[in-house]
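[1] okay, predicted coordinates and the sequence, questions at the end:
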Amino acid sequence: MKLQIIAVGHRMPGWVDTAFEDYAKRMPREMPMLLKALKPAPRPATGGDTSRWMEIEAGRIDEALPAGALRVVLDERGRSLATRALAEQMDRWRSEGRDIAFVIGGADGLAPRIKQGAGLLWSLSPLTLPHGLVRVILAEQLYRASTLLTGHPYHRD
């Protein structure tokens, strides 16, 4: 099972790239975690139609999504999962033999059609988080869930 992160935003601070790469290197061979960073739609200095930009980014997301992958969209209004529940969900996905594409939207969020096509809307937190930090938190949680699936002891048990 491949875990692909499709993220709008292509210039992150160095600490974001370093942290993401560290967690990606730790992933088991049978569950690689890959990042596809997408260029955001250009925005004028003032005003404008955010739905237009979200639709441009939605087209880029559609092009980047791996064929047949289950789409998991990160959204603050999505379902909250504890770490153990995430590991159980990942185990179900793994048993289905599907790759998973996690989608992180741009500065204005995601076009409604991207959310509607999701197999899961997932909220990491009800807080508004910087997109770079979302990448790191997502990578850490996927890594932590993968360790649970390989039998690593969990400090909360």
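    Received the coordinates, thanks.

[2] what are the contacting residues of the helix or strand hosting I61?
    Element membership for I61 (DSSP states H and E) is helix 50-64. Here helix 50-64 makes contact (C-beta atoms under 8 Å, 6 or more residues apart in numbering) with 6, 8, 36, 38-43, 103, 105-106, 108-111, 113-114. In short, each C-beta sits where N, CA and C put it, glycine included.

[3] could you do stretch 66-85 as well?
    2, 4, 65, 89, 93, 96, 98-105, 109-110, 114-115, 117-128, 134, 138, 141, 144-145, 148, 154, 156.

[4] max-length helix in this protein?
    With secondary structure taken from DSSP state H, the chain has its longest helix at helix 131-149.

[5] now do that helix: distance to the chain's middle.
    Computed by C-alpha atoms, centre = their mean, to the nearest Å, the chain-centroid distance of helix 131-149 equals 9 Å.

[6] what's that helix in contact with?
    Helix 131-149 is contacted from outside by 3, 5, 7-9, 12-13, 15-16, 19-20, 23-24, 26-28, 31, 33, 35, 74, 83-84, 86-87, 90-91, 94, 102, 104, 106-107, 124-125, 129, 154, using C-beta under 8 Å, 6+ apart.

[7] right, I'll call it a day here.
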